[in-house]
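S.K.: coords below, sequence missing:
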């Protein structure tokens, strides 16, 4: 199993027996209200999904990540994990601050070691490769406060999740993979319901790996995306019907997509390395949006990180060939487009909205059935 | 980034001139734009090889607690 990124799995959670006292103490601190996505960042840091970082980036780390896609110690790190402060927050360097998501109680405590300015222009240009406000990441930067707070966080309790059954920490997946006897583990990220192309990619990877880690991204989505419930229900159905139980594990990742293309592909790989994966599947236009990135930029960037510690596995475009009777690509099928059924997300959506069953060359019948039962599996 | 900060990110290492020339020739037509970028790439690759296959340092009690949760969720029999 690979070492966690940076050499050590970070654990910034508090033991259960100390949580009550720490929570009571936190109620007396200055407070900062987090939105859902910021709260998930805190949990990801504390549980080691973002190892080796132990908190929101400080100024030097932020500058290094922007300029070099590395932490100051040379460890690859492609996305700035930062916390912006609202105007007039009253928070100062040196403060210990209680981070609240809901009124249930403080989620975490942060030691604010530094407050420094958000460098909007360089942030957008270096992370997203554009300053075009139609890019969702750039739009997000535009809505951020002018100041960032950096310093370690300590998680007091995990938030509740409707998907508790699928929530595993890196510590847990590492034990799980070890117990299952997996040495080579391939990670697969998804934000979609599985079509035959996805299944083909995963099973192709499984031919050389011992196990498959399906890791759907759960959280904020765009209108028209599949809902989290639909993604999990369809994957579970696919696993139950078409996968070996002892060779596949599904667990969620609560994370907000940045659509940062190549930079984000590196971050996705790092997170899966922390979960214990040795390999990570990177598709065409991975983490891209619109036409902002070259379709292969997210694959090519891995050349710059020979020390990443997880092996990227690149896949491109697939279709179903009616004459071959299976999933093919341009290297495996001699037949023309007229014989092939593409895995068009748009077409699949149209069929489901019309209440029609997508063809079996596109979607497993059991998966289609689940979607039709849900009725409207799309985000409003 | 200020010039001074930029400078502090890099330092010089001496390599024999014939080796430098050999590398210069080797990187022609590749994506590497300088001998320095190639040397950095190779060194990072070499150093990364050390960081594999070490067992996590969990206490026995922690590991048992994790396994119990994995069993309760149906991940382990």
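M.R.: Arrived safely. Here the structure is a predicted model, which means the values were calculated and not measured.
S.K.: Where does pLDDT dip in chain A?
M.R.: Under the criterion pLDDT under 70, no range of chain A is flagged.
S.K.: any low-confidence regions in chain B?
M.R.: B:1-8, B:49-57.
S.K.: Could I get the full set of helices for it?
M.R.: All helices of chain B, identified by DSSP state H, fall at B:3-8, B:17-26, B:35-48, B:60-72.
S.K.: among those helices, which is nearest residue A:237?
M.R.: Residue A:237 lies closest to helix B:60-72 among the helices of chain B, at 21.9 Å (CB to CB). For glycine as for every other residue, the C-beta is placed from the backbone atoms N, C-alpha and C.
S.K.: for the closest one, which positions count as buried?
M.R.: B:63, B:66, B:67, B:69, B:70 (16 or more other CB atoms under 10 Å in any protein chain shown).
S.K.: so how far is residue A:66 from the third one?
M.R.: As for residue B:67, its distance to residue A:66 is 41 Å (criterion: CB to CB, to the nearest Å).
S.K.: Next: the last one.
M.R.: Taken as CB to CB, the spacing of residue B:70 relative to residue A:66 amounts to 38 Å.
S.K.: For chain B, which residue occupies the most central location?
M.R.: In chain B, the residue lying closest to the centroid (CA atoms, centre = their mean) is residue B:48, at 3.9 Å.
S.K.: Which residues are in contact with that one?
M.R.: The contact partners of residue B:48, by CB atoms under 8 Å, 6 or more residues apart in numbering or on different chains, come to A:306, A:307, A:308, A:309.
S.K.: same check, this time on residue A:166
M.R.: A:232, A:250, A:251, A:252.
S.K.: Can you list which of those are found in helices?
M.R.: Under the assignment DSSP H, the contacts of residue A:166 contribute residue A:232 to helices.
S.K.: Columns neighbour count and distance to residue A:171 on top of the contacts of residue A:166, output as TSV?
M.R.: Converted to TSV, the contacts of residue A:166 look like this (neighbours: other CB atoms under 10 Å in any protein chain shown; distance: CB to CB, whole Å):
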residue	neighbour count	distance to residue A:171
A:232	21	22
A:250	22	18
A:251	20	12
A:252	21	16
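S.K.: Quick check: residue A:73 vs chain B, distance?
M.R.: The spacing between residue A:73 and chain B, counted by CB to the nearest CB, to the nearest Å, is 12 Å.
S.K.: Measure how buried the residue nearest to that residue when sequence neighbours are not counted is and give me the count.
M.R.: In this structure, residue A:73 finds its nearest non-sequential neighbour in residue A:6, 7.9 Å apart by CB to CB, 6 or more residues apart in numbering or on different chains. Using other CB atoms under 10 Å in any protein chain shown, the number of residues around residue A:6 comes to 21.
S.K.: looking at it, residue A:6 is touching residue A:74, isn't it?
M.R.: No: Residue A:6 is beyond contact range of residue A:74, at 10.2 Å (criterion: CB atoms under 8 Å).
S.K.: before we move on, back to that, looking at the contacts of residue A:166, which is nearest residue A:15?
M.R.: residue A:251 (22.8 Å).
S.K.: And that closest one, how far from residue A:166?
M.R.: Separation of residue A:251 from residue A:166 (CB to CB) stands at 5 Å.
S.K.: can you check residue A:253 too?
M.R.: Separation of residue A:253 from residue A:166 (CB to CB): 10 Å.
S.K.: And residue A:314, by the same measure?
M.R.: According to CB to CB, residue A:314 and residue A:166 sit 27 Å apart.
S.K.: for residue A:232, same thing?
M.R.: Noted for residue A:232: a distance of 6 Å to residue A:166, by CB to CB.
S.K.: Now list whatever residues contact both of the two.
M.R.: Joint contacts of residue A:232 and residue A:166 (CB under 8 Å, 6+ apart) are A:250, A:252.
S.K.: Now for residue A:353, how many residues are close by?
M.R.: Count around residue A:353 with other CB under 10 Å applied: 11.
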